[in-house]
Structure formats: structure tokens, C-alpha cells
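**Student:** below are the sequence and a predicted model; questions follow.
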Amino acid sequence: MISGATVGGKATSNNTASSSESPAAIDTGTTLIGGSTDGVTAIYSLISAPPAAQRRQMTAPSSASTVYSTWRRGWGANGPNWIIGNTFLKNVYSVFRFDPLAVGFAQLSSSVAGSGTAGPTPPSSGG
């Protein structure tokens with residue numbers, strides 16, 4: 001369940017990305033983030049970018065801060081579904097556990113953030 005979102009240290013109003021907790025799927029096969037119009041608009045307003053004309057698709061500027069979300073296990077029928085893809089996952093360490101079910105996120109270290117690599121590349125052997 002997604003219960004809130006923070007962008008660059010700023011929380012969405014009432015620290016929620018929608019009017020209530022919403023079911024969410026963490027999907028490594030999805031590139032983007034999808035959610036309710038209200039939730040996406042609340043998050044989008046925190047990155048200081050002009051809204052898209054159609055409001056069906058919003059693009060974050062490359063300088064936008066990493067989006068962090070607050071999660072709670074459980075699925076319910078209330079609230080819109082969210083799908084969280086690699087746009088979010090590339091900015092955090094992700095840990096998945098099967099029993100008991102859990103997903104965890106941690107901030108990238110400064111040597112990884114923004115570079116996509118974990119520091120200097122070791123020299124390669126010649127053969």
C-alpha cells in the first residue's frame with residue numbers, strides 16, 4: 001500500500017499521495033510510475049515542472065529529485081492502484097522478501113547516486 005510520498009524532502013499535502021492508502025505494485029519490468037490523477041498531480045507539483053496539457057502523462061525534468069514513498073504491506077479494494085517502475089527503482093536500493101512478504105527501499109550512496117555505477121571501474125585483465 002502506498003500511504004504517502006516525499007520529493008526532495010517535501011511531503012505531498014497531508015503526507016498522502018491520494019485520499020487514502022492505495023494498493024501498489026513494485027514492477028521491475030515497468031519503466032514509468034502510474035497512479036491516480038490526484039496522487040500523481042500531488043507528487044508532480046513538488047518537482048516544480050509545468051503540468052502536461054493532456055494530464056494523462058506527465059514528464060519529470062531530469063533535474064527532479066528522487067521520489068521516496070512510504071509503504072505498508074496489504075492489498076485492499078479501496079483507492080486507485082499504483083504501479084511503481086524503474087523511474088523510481090533506479091534511484092534506490094531495493095530489497096524484496098518472500099516470507100513474510102516485504103519490500104524495502106534505501107537511499108543510494110553518494111558514490112552511486114547519479115552515476116549509475118558503484119565507483120571507479122576496476123582495471124580489466126588482458127585476456
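**Tutor:** Everything's here; your move. Computed from a predicted model, the values in this text were never measured in an experiment.

**Student:** check contacts around Asp27.
**Tutor:** Counting by C-beta atoms under 8 Å, 6 or more residues apart in numbering, Asp27 touches Ile83, Ile84, Gly85. Every C-beta, even on glycine, is put in place using the N, C-alpha and C of the backbone.

**Student:** who does the helix or strand hosting Thr41 touch, helix- and strand-wise?
**Tutor:** Counting by DSSP states H and E, the element that carries Thr41 is helix 37-45. In this structure, helix 37-45 packs against strand 2-7, with contacts taken as 3 or more C-beta pairs under 8 Å, 6 or more residues apart in numbering; DSSP states H and E.

**Student:** returning to that earlier point: for the helix holding Thr41, the averaged confidence score.
**Tutor:** Average pLDDT, helix 37-45: 77.

**Student:** give me the buried positions along it.
**Tutor:** Residues Gly39, Val40, Ala42, Ile43, Tyr44 are the ones in helix 37-45 that count as buried (16 or more other C-beta atoms under 10 Å).

**Student:** many thanks, I have nothing further to ask.
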